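Participant: Have a look; sequence and predicted model below, questions after that.
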Amino acid sequence: MADLPTRQIQIIRHIETHYGKGWFINHMVLTHADNDHATGLVSVLKHFSVKNLWMNRPWLYAAEVLHHFHGSYELSGLVEEIRERHGYLVELERLAAQQRDNGA
């Protein structure tokens, strides 16, 4: 945990201080994908077992907004661009799937 930014350590310590160690988080909600909110949750998800992660994955809606890009993208290119710009969301999705698959 020593290699984490101070704010992320504070969040983990706060949870452990007030709720104890060895507990799980039933529902983690990411209300919006601002970098300063979402990146902190990566460490929390790595540290705790999280049963349900609620977040927007904007690449899932690429087909619905593709026409707004006036031919600048094909669908696969837009999905790739969105995922590259939101790597922290991709990482949260990956960690949540890993926990789900491991029965955490």
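Facilitator: Thanks, I have the structure now. Residues are numbered from 1 along each chain as shown.
Participant: tell me which residues in stretch 59-67 are buried?
Facilitator: Within stretch 59-67, the residues scored as buried using 16 or more other CB atoms under 10 Å are 59, 62, 66. (Each C-beta comes from the backbone N, C-alpha and C, glycine too.)
Participant: Other residues contacting it?
Facilitator: Defining contact as CB atoms under 8 Å, 6 or more residues apart in numbering, one finds that stretch 59-67 is touched by 73, 75, 78-79, 82-83, 86.
Participant: now the end-to-end length of it.
Facilitator: For stretch 59-67, the first-to-last residue distance is 14 Å (CA to CA, to the nearest Å).
Participant: quick one on the thing from earlier: so which of the buried residues of stretch 59-67 are in helices?
Facilitator: residue 62 (DSSP state H).
Participant: The least confident helix or strand in the chain by mean pLDDT: which residues count as buried?
Facilitator: Counting by mean pLDDT, DSSP states H and E, the chain has its least confident helix or strand at helix 35-47, which shows a mean of 85. Neighbour counts using 16+ other CB under 10 Å place 38-47 of helix 35-47 among the buried residues.
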